[in-house]
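A.B. asks: pasting a predicted model and its sequence here:
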Amino acid sequence: MKDATSDPNSPAPLMAAWNTESQVHLIVGSNPLAAARCAKSLEVGAKPIILAPETADMHFTLSEHIANGSAQWIRHEFQDMDLTTLGREEVDRVVDLVFVTLGASNPLSTHISQRCKRLRIPVNVSDAPELCSFTLLSTYSDGPLHIGITTSGRGCKLASRLRREIAAFLPQNLGTAIDRLGAVRRRLWEEDNAAGLSEATFDGEDDDTTGQKHTFNNLVTEGDVAAAKTRRVRWLSQICEYWPLRKLVSITDADMDTILKAYTAGNEHTNGANSVDTPSKKGKIVLAGSGPGHPDLLTRATYHAIHNADLILADKLVPAPVLDLIPRRTEVHIARKFPGNADQAQEEFLQMGLAALKQGRQVLRLKQGDPYLYGRGAEEFEFFRNEGYSPVVLPGITSAMSASLFADIPATHRGVSDQVLVCTGTGRKGAAPNPPTYVPTQTVVFLMALHRLSALVDSLTSFPEGGEQSRALWPKETPCAIVERASCPDQRVIRSTLEHVCLAFEEAGSRPPGLLVVGASCHVLHNPQGQRWAIEEGFHGLDELRSEVEVVADSVEEKA
């Protein structure tokens, strides 16, 4: 690895998880760092060999490992032949990995580093990143979960602090939940495979470097037999993507069995919604929008509704930070929706809400964005009003307007865009709506469109064979942007044109929820000139603003 401090533009390191069980790790030195390296090797199942002369001052923990046989001591100074004679027989006696703890100023450190690199042996030299081919990470482990942090040699002990901060944020028993979900997924794979489904039916066992594919939220139609048969696997993927971690760690094997049985044949349970007695107290229902993602963008009215509800029925796209505001005593259900199952899941929620209202409970139907902008809010209002319960409707900040803002895209801009059009990318039953005609001064926001992005772009830029040809087509060079997880720390913006956006999205993968913005305004503040597309990760503006407010408040309090 290059010296990161000497070149701020150096490439990112390749971070990987190695299986080092039974490997031979050569540790040159006998100081406290050598003891730490020895402990790490033992922790990962390797066999450490300590290389130090007979007269060396051996650290006491190294002496203990040598005494109990968990580590071997070769009692001489380093020799070149050690690299090719002390290893395992199955790899021709070449050692698997070398730790040099002598420091950068020792000439032997440079010599060993050069020899290792020539022999393709991974080597780590203390205090000398320019001599290293790898560095160790500050790690946090919980069962199968392992998180590693590196500051590329720049952060001193900051990596350790970041690791502690991340670990403190994660709920307890997350590793157990991962084991449980993994076991369920394996069981589903075995059952579906035994039923005659080929492995190609699934998206594949992607490793941890990949996110959700761009096809993650593709619609499942009634005629798609293979996809329908794998609805349980699809639902498990939806759980992993959308459920808050706090809820994931509390799920039990019995919970998983109940959920998966409900989706074995697409039969949804309504939790006895039709078998409740009507109490004397009449229930109340609130339909509220949760905004685009960040909890600071909730209205105060919705915040109070969250804390006053007896039952909360939340869309699957309501982000975890908003759900984390829900008191632990409150009953919460997350919509069991995935593409092709929306109608059944919607009916299930309506019946659950009605049952709670008949029990005299206060129900909050928590929806993403604004409840009346492609949120079925009016349909739900009408349903509950017909049952004798008129909902209170609370607005939410819609991503149709705010997502472009957080992506530095002005929806209108003098001399560029003087109008905004909000469209859905998917109509009822998955039907494709008619594409809008091209207006040069218009910014168009497409919601619920990324699962059929290619078809949408085709409909904008070309006419179907034998179809109408009266509208103006969108030029393929029209600027556009995909905005995902708007306002959240993991926000992602893909800036491109209609010509290249589909390929960009396919390579980047899916990070729902997301939307497409099309129009010249997309390149007003950010223009990826000379690039087919540009990808920008992360957004912390609201968190930084909150921190500044807290600092000011603390300062005022101290002065008072």
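C.D. replies: Arrived safely, thanks for sending. Numbering: from 1, shown residues only.

A.B. asks: please enumerate the helices of the stretch 201-350 of the chain.
C.D. replies: According to DSSP state H, counting those that start in this stretch, the stretch 201-350 of the chain carries its helices in the segments 225-229, 231-242, 245-248, 253-262, 300-308, 320-323, 342-358.

A.B. asks: what comes up buried for the helix or strand harbouring Asp179?
C.D. replies: Secondary structure from DSSP states H and E places Asp179 in helix 174-194. For helix 174-194, burial by neighbour count (16 or more other CB atoms under 10 Å) applies to 174-175, 177-178, 180-181, 184-185, 188-189, 192. (Glycine included, C-beta is placed from N, CA and C.)

A.B. asks: nearest to Phe505, out of the helices of the stretch 201-350 of the chain?
C.D. replies: helix 231-242 (16.8 Å; CB to CB).

A.B. asks: how far does that closest one sit from its chain's centre?
C.D. replies: 14 Å (CA atoms, centre = their mean, to the nearest Å).

A.B. asks: before we move on, back to that, quickly, which of the helices of the stretch 201-350 of the chain bottoms out on average pLDDT?
C.D. replies: Note on the helices of the stretch 201-350 of the chain: lowest mean pLDDT is at helix 225-229, with a mean of 59.

A.B. asks: lowest average confidence, helix or strand, in the protein?
C.D. replies: helix 225-229 (a mean of 59; mean pLDDT, DSSP states H and E).

A.B. asks: show me the shaky parts of the stretch 1-150 of the chain.
C.D. replies: Within the stretch 1-150 of the chain, the stretches with pLDDT under 70 are 1-9.

A.B. asks: circling back to that earlier point, please name whichever of the helices of the stretch 201-350 of the chain is nearest to His146.
C.D. replies: The nearest among the helices of the stretch 201-350 of the chain, by CB to CB, is helix 245-248 at 16.2 Å.

A.B. asks: hmm, who's touching that closest one?
C.D. replies: By CB atoms under 8 Å, 6 or more residues apart in numbering, the list of residues contacting helix 245-248 from outside reads 170-171, 174, 177, 181, 239-240, 320, 323-324, 332, 334.

A.B. asks: buried stuff in it?
C.D. replies: Here helix 245-248 shows 246-248 as buried, counting by 16+ other CB under 10 Å.

A.B. asks: again, but for stretch 102-110
C.D. replies: Those would be 102, 106, 109-110, for stretch 102-110 by 16+ other CB under 10 Å.

A.B. asks: pick out whichever of these sits closest to Leu542.
C.D. replies: Ser109 (46.5 Å).

A.B. asks: same for the helix or strand hosting that closest one, what does it pack against?
C.D. replies: Using DSSP H and E, Ser109 maps to helix 107-118. The helices and strands touching helix 107-118, judged by 3 or more CB pairs under 8 Å, 6 or more residues apart in numbering; DSSP states H and E, are strand 97-100, strand 123-125.

A.B. asks: for the nearest residue to Ile112 once chain neighbours are set aside, which residues are in contact?
C.D. replies: Nearest non-adjacent residue to Ile112, counting by CB to CB, 6 or more residues apart in numbering: Val100, 5.2 Å away. Neighbouring residues of Val100 by CB under 8 Å, 6+ apart: 28-29, 108-109, 112-113, 123-126, 131.

A.B. asks: are any of those residues buried, and which?
C.D. replies: Members of those classed as buried by 16+ other CB under 10 Å are 28-29, 109, 112-113, 123-126, 131.

A.B. asks: ok, Thr443 to Leu421 distance?
C.D. replies: 7 Å (CB to CB, to the nearest Å).

A.B. asks: an error on my part: the question was meant for Gly427.
C.D. replies: 16 Å.

A.B. asks: between those two, who's got more neighbours?
C.D. replies: Leu421 (14 against 11; other CB atoms under 10 Å).

A.B. asks: assign a three-state SS to that one, would you?
C.D. replies: Here Leu421 is strand, with the state taken from DSSP: H, G, I helix; E, B strand; the rest coil.

A.B. asks: distance of it from Val518?
C.D. replies: 9 Å.

A.B. asks: which residues do the two both contact?
C.D. replies: With CB under 8 Å, 6+ apart as the test, Leu421 and Val518 both reach 443-445.

A.B. asks: rebuild those as JSON lines, extending it with neighbour count and secondary structure.
C.D. replies: Shown next, in JSON lines, are those (neighbours: other CB atoms under 10 Å; DSSP: H, G, I helix; E, B strand; the rest coil):
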{"residue": "Thr443", "neighbour count": "25", "secondary structure": "strand"}
{"residue": "Val444", "neighbour count": "22", "secondary structure": "strand"}
{"residue": "Val445", "neighbour count": "23", "secondary structure": "strand"}
